[in-house]
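# The sequence and its predicted three-dimensional model are supplied below.
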Amino acid sequence: MTEPAVQHDPDRRFYVEANGDVAYLAYQRVDDHTVDYISTYVPATLRGRGLGERLVRHALDWARAHGQTVIPTCTFVRKVMSG
C-alpha cells in the first residue's frame, strides 16, 4: 500500500492524512530564515508505519531547499537529525 503524500500548511505544519487521522510536525517561524520544529505527533492508529520519521525528513529537506535554519525543539526531530 502506498502511503499518502506529505502535505504542507505554510508557516504551520507538515502533515499526512490517512484513514481519517492526521500525523503532523508543527513548527513556528522565528524569522525569515529560521524555523522551530516544535512538535511531532502520530496518532496511535497510524503508528508503526514510519510516518513520524518521514514527516521529519520531509521537513528537513524543505528547510534545506528554502535556505532555512532549523531549531529542533521537538525531541523526536533532534533524534532523527542525530541518527
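That came through, no problem.
# and T45, that one's in a helix?
Yes. Counting by DSSP: H, G, I helix; E, B strand; the rest coil, one finds T45 located in a helix.
# Find the nearest non-adjacent residue to it, please.
Leaving aside its chain neighbours, T45 sits nearest to D21 (5.1 Å; criterion: C-beta to C-beta, 6 or more residues apart in numbering). Where C-beta positions appear, they are placed from N, C-alpha and C, glycine not excepted.
# Please report the residue range of the longest helix in this structure.
Counting residues, the longest helix found in the chain (DSSP state H) is helix 51-65.
# If you count neighbours, what's buried in that helix?
For helix 51-65, burial by neighbour count (16 or more other C-beta atoms under 10 Å) applies to 51-56, 58-60, 62-63.
# between the residues you listed, which is closest to A5?
H58 (9.2 Å; C-beta to C-beta).
# residues touching the closest one, list them.
Contacts for H58 (C-beta atoms under 8 Å, 6 or more residues apart in numbering) come out as 6, 14.
# For the remainder of this discussion, apply numbering that starts at 839.
Taking 839 as the first residue, the last one we looked at is H896.
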